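Enquirer: Quick one, fold the following:
(chains A and B)
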Amino acid sequence: MHADTGRGGGITRITIDSDPLAVRQALAQLFDSLLLRSLGEDDRGAAEIVLAEVLNNIVEHAYANSHGEIELALELGPGRLTCQITDRGAPMPDGTLSADPAPPPETSLPEGGFGWSLIRTLAHDLEYRRANGVNRLRFRIDSAPASACGDAGHPGDGLPCRADSAPASACGDPGRPGDGLPCRADSAPASACGDPGRPGEGLPCRADSAPALACGDPGRPGDGLPCRADSAPAAACGDAGHPGKGLPCRADSALAAAETAFPPESGCESAEQHSDDDIVAG
Amino acid sequence: MNLQAETRGDLLVVRVEEERIDAAAAVQFKDRMRELVKAPGSRVMLDLSRVTFLDSSGLGAVVAVMKLLGPDRRLELAALGPVVQKVFRLTRMDRVFVIHDRVPDGQPDAC
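Expert: As a prediction, this is how the structure comes out:
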């Protein structure tokens, strides 16, 4: 393998051979570099997983284990790592990113097919283009600004948070994991508005929303207010010990990504998927 | 792929003496494990304390080892690092395996 490393304009560029060992060495080099050392441990882990899956897919499918080059361009910005990966191998099937795999036949545990789910769960704004014989995949790894995401006791554990917001239920509430995180400027914490027993009491709620924690929950003051059609707070959805339990998650939220990767109810067998490898084959 | 096996009563502990179980190592890992689990024992525990990274190919290899043990022998995992843990959790494979924080102390069997 060879790895040409160059930095310019805040972008780190590496070119590697299409080979599993070259991928391993490039990842080691990248994650030892100053660029990625500045990421938090959890984000480094997420970035390394996604990059490994993307690169190995290219080695295995786009180049089908023949010789070729893969170019990486990584840019670390505030709260995010933007990645662009290009190769000259075969295109993705249908020239596009496939939809998520179909529900699995409930036969036995899969030995493959995990890669694309990991990529979709951990990476944001995935974008694939094929032009002039070049595959280009772009995506983003967001840093986790909120302690709710990546909080060991919390369902959002380990998942990246959105760069622009703390989970609504986390901000301003001393009893919760996200305690003390800044809320978005245009909204009061969902759990705080309209609830006299909570620290955020008295803050205005957004006009278009009821407190997320209150809607649909008969035991709370906000009971009966309409919820926004498009969201529950990420921290609230699907958490058995939490008042927001059962509310739909936002499609773009970390938890939603995890839940859609594998439907929660179907258990172990749910991980049986069509091979990602087939789907990602490019 | 350096794997060290040790029998403790009916437990076979296999320590992975590598930092990565990735696409470059998955086939070797599976082949080595296939040899090692020929030794008798009703349980097999994989000590992952030295493994800092595992990708989907490595995960697939671990699942393959569990399957080749058959229905009567269990594959248990111990001492998962943060990234390894994350991969198991996000793929929900943490529900499939018995996972221990660490390898239990080796106590000689009472005679």
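Enquirer: Give me the below-cutoff pLDDT ranges for the stretch 51-200 of chain A.
Expert: By pLDDT under 70, the weakly predicted segments of the stretch 51-200 of chain A are A:98-108, A:144-200.
Enquirer: which residues of the stretch 51-200 of chain A fall in strands?
Expert: A:69-77, A:80-87, A:124-131, A:134-142 (DSSP state E, counting those that start in this stretch).
Enquirer: nope, chain B is what I meant
Expert: For chain B, applying DSSP state E gives strands covering B:3-8, B:11-16, B:20-21, B:43-47, B:53-54, B:74-78, B:98-100.
Enquirer: Say whether chain A is contacted by the fourth one.
Expert: Pointing back at strand B:43-47 there. No - using C-beta under 8 Å from any C-beta of the partner chain, strand B:43-47 stays clear of chain A, with a minimum separation of 15.6 Å. Where you see a C-beta, it was placed from the backbone N, CA and C, and this is true even at glycine.
Enquirer: Show me what that strand pairs with in its sheet, parallel or antiparallel.
Expert: In the sheet, strand B:43-47 lines up against strand B:11-16 (parallel), strand B:74-78 (parallel) (DSSP bridges).
Enquirer: which stretch among these comes nearest A:I119?
Expert: strand B:74-78 (23.3 Å; C-beta to C-beta).
Enquirer: Output the strands of the stretch 51-200 of chain A as CSV; include the columns mean neighbour count.
Expert: Below are these laid out as CSV (neighbours: other C-beta atoms under 10 Å in any protein chain shown):
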stretch, mean neighbour count
strand A:69-77, 18
strand A:80-87, 19
strand A:124-131, 14
strand A:134-142, 19
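Enquirer: Output those strands in CSV; the columns should cover distance to chain B.
Expert: What follows is the strands of the stretch 51-200 of chain A, written out as CSV (distance: least, C-beta to the nearest C-beta, whole Å):
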stretch, distance to chain B
strand A:69-77, 13
strand A:80-87, 15
strand A:124-131, 15
strand A:134-142, 13
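Enquirer: And those strands: which comes nearest A:D42?
Expert: Smallest distance to A:D42 across those (C-beta to C-beta): 10.5 Å, for strand A:134-142.
Enquirer: Can you name every helix or strand that that closest one contacts?
Expert: Strand A:134-142 sits against helix A:41-57, strand A:80-87, strand A:124-131, with contacts defined as 3 or more C-beta pairs under 8 Å, 6 or more residues apart in numbering or on different chains; DSSP states H and E.
Enquirer: how about B:A5, what does it touch?
Expert: B:12-15, B:36, B:39 (C-beta atoms under 8 Å, 6 or more residues apart in numbering or on different chains).
Enquirer: Next, count neighbours for the residue lying closest to B:A24 once chain neighbours are set aside.
Expert: In space, and not counting its chain neighbours, B:A24 is closest to A:P20: 3.7 Å by C-beta to C-beta, 6 or more residues apart in numbering or on different chains. Residues lying near A:P20 (other C-beta atoms under 10 Å in any protein chain shown) number 21.
Enquirer: What values do phi and psi take at A:P20?
Expert: A:P20 adopts backbone torsions of phi -60, psi -40, taken as degrees, to the nearest 10.
Enquirer: what sits against it?
Expert: For A:P20, the contacting residues are A:56, A:59, B:22-24, by C-beta under 8 Å, 6+ apart.
Enquirer: For the residues you listed, work out which two are farthest apart.
Expert: The distance between the two most remote of the contacts of A:P20 (C-beta to C-beta) is 11.2 Å, for A:V59 and B:D22.
Enquirer: which residues are common contacts for these two?
Expert: With C-beta under 8 Å, 6+ apart, A:V59 and B:D22 have common neighbours A:20, A:23.
Enquirer: Give the burial count for B:V44, as a bare number.
Expert: Residues lying near B:V44 (other C-beta under 10 Å) number 22.
Enquirer: Give me the distance between A:L137 and A:H124.
Expert: Plainly put, A:L137 is 13 Å away from A:H124 if you go by C-beta to C-beta, to the nearest Å.
Enquirer: what about stretch A:27-47, near chain B?
Expert: Yes - Stretch A:27-47 lies within reach of chain B by C-beta under 8 Å from any C-beta, at A:27, A:41-42, A:45-46.
Enquirer: Enumerate the beta-bridge partners assigned to the most centrally placed residue in chain B.
Expert: The centroid of chain B falls nearest to B:L46 when counting by C-alpha atoms, centre = their mean (2.6 Å). Beta bridges link B:L46 to B:V14, B:L77 when assigned by DSSP bridges.
Enquirer: who's in contact with it?
Expert: Counted by C-beta under 8 Å, 6+ apart, B:L46 has contacts B:14, B:16, B:62, B:65, B:75-78.
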